[in-house]
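K.L.:
only geometry, no sequence info:
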């Protein structure tokens, strides 16, 4: 089963939920946790361990200046502005390239070939006997997050149970993360912003036909706004984590409430049961 | 010689636009004949990579001089390669005023 943890709004507690769910599950079975928030991966902070890095590369065009006639076809074709044909020069902006390869097809001279360019890496570790952690890292200044996410997900492929920690928002990286998953946990907070972005994220999950449930984090006990929305949209509230000083203290110290506070690993195991039910999987 | 001024609308009476790649219009003026031609910028609302493409548009229309407010790194690199001379105009006046200032030699080079 593949479970994606998403939120819409940033800072609601996706990583908290993923890390604690991953830890709790690792006590009873094998689990692979994939950090797909490649612009700001942080799960490795909860699980320090020796690791191996694998580079992620993308293809970018290289111009054979001997063959190029500066006809401009590649520049006209590229909708991302990665190729500019000016007088007797073709300028390539590799960081604008989306690696579609179209320029190599439209070039009438066959003057473009694709070369590989590193944009990030995937870090693999086994911090606990039953927990595999796979984290995607996109290099600063790069934009092709989906490629790094794709590679991170690929490296987890084959594990019977995978948790994906998504980036916030609802843009390409989130869709890349959600795609192919079986079920979605939407983490939110009881604020107008939390609700607004939950609405957006829930819509994305629905469009991708992902059954979804909600975890309310930092709850002050007055969650009517969120529970009302969930009721209207048929989203079960799977878990509520209170706004609590003790929990905050564990979090701030880089700890895991499922490991450091009594009762929480059971609650996260219970969350897993509900999520499995939602996905229609028997555990 | 053809001069290009970034503008918020078409024609030489339109207000000059300080942004380069996302300027709604590029107004091309022939300094010998005084004739002008306005080209709508199809990249104005694009997600990214507008700078180099806008330079290409300016070059394809035969401009030798570009007058705009400011531009980003990619556009600057493309402009440098294109051989088009860039000048800064940030007084908030019309395209015609920018051209006058250029003719008077009071504009600072862009790069």
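P.N.:
Yes, it's here. If you're wondering where the values come from, they're calculated on a predicted model, not measured in any experiment.
K.L.:
show me where chain B has helices.
P.N.:
B:50-60, B:73-82, B:95-104 (DSSP state H).
K.L.:
Tell me which of the ones you listed is the most buried.
P.N.:
The highest mean neighbour count among the helices of chain B, using mean count of other CB atoms under 10 Å in any protein chain shown, belongs to helix B:50-60: a mean of 25. In this view, the C-beta of every residue, glycine as well, is placed from N, C-alpha and C.
K.L.:
from chain B, which residue is nearest to chain A?
P.N.:
Here chain B gets closest to chain A at one residue, residue B:49, 2.7 Å apart by CB to the nearest CB.
K.L.:
give me the number of residues near that residue?
P.N.:
Counted with other CB atoms under 10 Å in any protein chain shown, the neighbours of residue B:49 add up to 25.
K.L.:
Contacts only, for it.
P.N.:
A:78-82, A:93, A:96, B:74 (CB atoms under 8 Å, 6 or more residues apart in numbering or on different chains).
K.L.:
Leaving out chain neighbours, which residue sits closest to the residue of the stretch 1-150 of chain A found nearest chain B?
P.N.:
Nearest residue of the stretch 1-150 of chain A to chain B (CB to the nearest CB) works out as residue A:81 at 2.7 Å. Nearest residue to residue A:81, sequence neighbours excluded (CB to CB, 6 or more residues apart in numbering or on different chains): residue B:49, at 2.7 Å.
K.L.:
before we move on, what about residue A:223?
P.N.:
Closest to residue A:223 by CB to CB, 6+ apart is residue A:190, at 4.5 Å.
K.L.:
Residue A:241 now?
P.N.:
Nearest to residue A:241 is residue A:217, by CB to CB, 6+ apart, at 4.7 Å.
K.L.:
Over to the one you found. Which of the three states is it?
P.N.:
The three-state label given to residue A:217 by DSSP: H, G, I helix; E, B strand; the rest coil is strand.
K.L.:
I figured it was touching residue A:187, is that so?
P.N.:
Yes: in terms of CB atoms under 8 Å, residue A:217 counts as a neighbour of residue A:187; the distance is 5.7 Å.
K.L.:
Quickly list what's touching both of these two.
P.N.:
The contact lists of residue A:217 and residue A:187 share A:12-13, A:16-17, where a contact means CB under 8 Å, 6+ apart.
K.L.:
returning to that earlier point: now tabulate the helices of chain B in TSV and tack on mean pLDDT and distance to residue A:173.
P.N.:
TSV is the format used below for those (pLDDT from 0 to 100; distance: least, CB to CB, whole Å):
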stretch	mean pLDDT	distance to residue A:173
helix B:50-60	92	22
helix B:73-82	93	23
helix B:95-104	96	41
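K.L.:
out of those, which comes closest to residue A:174?
P.N.:
Among these, the nearest to residue A:174 by CB to CB is helix B:50-60 (24.5 Å).
K.L.:
by how many degrees do the closest one and helix B:73-82 diverge?
P.N.:
20 degrees (axes from the mean of the first three to the mean of the last three CA atoms, to 10 degrees).
K.L.:
what comes into contact with helix B:50-60?
P.N.:
Contacts for helix B:50-60 (CB under 8 Å, 6+ apart): A:72, A:75, A:81-82, A:84-87, A:91, A:93, A:96, B:4, B:20-23, B:26, B:39, B:41, B:43-44, B:46, B:66, B:71-79, B:82, B:84.
K.L.:
hey, where'd the strands end up in chain B?
P.N.:
Taking DSSP state E to define them, one finds strands in chain B at B:2-7, B:25-30, B:36-40, B:65-68, B:85-88, B:108-109.
K.L.:
avg pLDDT for the shortest one?
P.N.:
Strand B:108-109 shows a mean pLDDT of 95.
K.L.:
Sheet partners, orientation included, of the host helix or strand of residue A:120?
P.N.:
Per DSSP states H and E, residue A:120 falls inside strand A:112-128. Strand A:112-128 pairs in its sheet with strand A:51-63 (antiparallel), strand A:131-138 (antiparallel), by DSSP bridges.
K.L.:
most packed of those strands?
P.N.:
strand A:131-138 (a mean of 24).
K.L.:
any idea how far it is from the chain center?
P.N.:
Using CA atoms, centre = their mean, to the nearest Å, the mean C-alpha position of strand A:131-138 is found 10 Å from that of the whole chain.
K.L.:
any bit of the following helix or strand past it sitting next to chain B?
P.N.:
Next along the chain after strand A:131-138, taking DSSP H and E as the criterion, comes helix A:145-156. No: using CB under 8 Å from any CB of the partner chain, no contact is recorded between helix A:145-156 and chain B, whose separation bottoms out at 13.6 Å.
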